[in-house]
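Asker: give me the fold of what follows.
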Amino acid sequence: MRNENDSYNRFSASLKAGEVGSFFIFHGEERYLLEHSLGELRSMICPDGLDSFNYKKFEGKNISIDDFEGAIDTLPAFADRTLIEVHDFDIFKGKSTGSTGSGASSDKERLCDIFSHLPEYVCVVVVFSTIQYKPDNRIKLDKEILSHCLVVEFAAQDQSRLTNWISRRFAANGKRISKSDTEYLAHITDGYMSALITEIEKISSFSNEQTISRSDIDSVVIPVLGAFAYTLTDAILEGNSKKAMFTLDELLQMREPAQKILFSIILKMRQFLAARICIENGLDRKSLMEMCSIRLDFQARTLMNTAQKTSLTVCRNALLHCVKAAYDLNSSAEPEERLVELIVRLSYLK
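Answerer: Here you go, the predicted model:
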């Protein structure tokens, strides 16, 4: 499991040194980090604000390459550099070879030529937000474009960095929070900074105490479906049918679709089975995190603790029941009832 993001570290170091290059590609699931880094880049290159002559922004799939090239060729006014942002334009899409009958290059070839001859006074940032970043390294032009830029992936942070960041955000609001509660908050929000930043502000405003408590978090934050699924499957494997049914009822009252709830349950049951297999083979929770792409140690620890209390047979049978229920649910006129039936059945597995 990767704990370091080399491209992000390299970009951050160059930003702090004030020595950023001419061409970047930004992508990744952690939108908070992406927007924060973009903001710092804007402040560095355009200290007079984004209304200045030296800031250009292009958006959408129908970007005019002529206008884009014109912005690059325009010298900055009363500044060292021009910042040009390109949002949600797939620079890797289109014809990669050949030319039209008139001899004009394809859009992709033209972009490749532009990126390979960027002047030093320009900083171009191509941001993939609503479209997928998916270059093809088998294609010559894609490889050529990538050779001229730094691709910065804003990946979801590992637990250590995330919990430290949560603590710092609370401290900025004059609050303290324990390590276990930072882990809990990360768990119930799915651990993305873009969601956490809002929740931290809400919790800080709600609490009258200097130290944030678990009850403060529970009073303000609505857990994501995945967190509910952990609670539900944990209760099932512990044989606590009352808690399992109560959790399911909460989900149904939130109007979560039965199919979506079942999908989350299946995912967690697969993780519990993997945890039990790790235990059977003397593997630790780091192995489980790698096996199931689990990012937060808190979640892996919970899985391993619960799996310790059950058997491999129970974990396997629980997953099989879930898979059968998923098949039945597609043709059921009452999917919620089928889901309740599944939870009852799972609660009595031995």
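Asker: and the biggest helix by length in the chain, what's buried?
Answerer: Longest helix in the chain, counting residues (DSSP state H): helix 258-280. Buried residues in helix 258-280, counted by 16 or more other CB atoms under 10 Å: 258, 261-279. Using the backbone N, CA and C atoms, a C-beta is placed for each residue, glycine as well.
Asker: check which helices and strands the helix or strand where Trp165 lies sits against.
Answerer: Using DSSP states H and E, Trp165 maps to helix 159-172. Applying 3 or more CB pairs under 8 Å, 6 or more residues apart in numbering; DSSP states H and E, one finds that helix 159-172 makes contact with strand 176-177, helix 179-189, helix 193-206.
Asker: can we see that at 10 Å?
Answerer: strand 176-177, helix 179-189, helix 193-206, strand 211-212, helix 297-308 (3 or more CB pairs under 10 Å, 6 or more residues apart in numbering; DSSP states H and E).
Asker: determine how far the fourth one lies from the middle of the whole chain.
Answerer: Going back to what we said before, that points to strand 211-212. 27 Å (CA atoms, centre = their mean, to the nearest Å).
Asker: make 5 the starting number, not 1.
Answerer: Got it, first residue is 5 now, which makes that one strand 215-216.
Asker: what pairs with it, parallel or antiparallel?
Answerer: Its sheet considered, strand 215-216 pairs with strand 180-181 (parallel) by DSSP bridges.
Asker: let me know the average pLDDT across the partner strand.
Answerer: Taken as a whole, strand 180-181 has a mean pLDDT of 97.
Asker: distance of Arg165 from Tyr12?
Answerer: Arg165 sits 11 Å away from Tyr12, going by CB to CB, to the nearest Å.
Asker: higher neighbour count, those two?
Answerer: Higher neighbour count among Arg165 and Tyr12: Tyr12, with 20 against 14, using other CB atoms under 10 Å.
Asker: identify the spatial nearest neighbour of the more buried one, chain neighbours not counted.
Answerer: The shortest distance from Tyr12 to any non-neighbouring residue, by CB to CB, 6 or more residues apart in numbering, is to Val156 (5.7 Å).
Asker: check which helix or strand covers that neighbour.
Answerer: If you go by DSSP H and E, Val156 is part of strand 154-157.
Asker: now for the helix or strand Asp332 falls within, which elements pack on it?
Answerer: Element membership for Asp332 (DSSP H and E) is helix 316-333. Here helix 316-333 touches helix 229-241, helix 262-284, helix 301-312, helix 339-351, going by 3+ CB pairs under 10 Å, 6+ apart.
Asker: so for Arg173, which of those sits nearest?
Answerer: Among those, the nearest to Arg173 by CB to CB is helix 301-312 (17.7 Å).
Asker: what's that closest one packed up against?
Answerer: Counting by 3+ CB pairs under 10 Å, 6+ apart, helix 301-312 packs on helix 163-176, helix 183-193, helix 229-241, helix 262-284, helix 289-296, helix 316-333.
Asker: return the member of those having the minimum mean pLDDT.
Answerer: In terms of mean pLDDT, the lowest-scoring of the helices and strands packed on helix 301-312 is helix 229-241 (a mean of 89).
Asker: how far away from the center of its chain is stretch 326-338?
Answerer: Taking the mean of its C-alpha atoms, stretch 326-338 sits 30 Å from the chain's own mean (CA atoms, centre = their mean).
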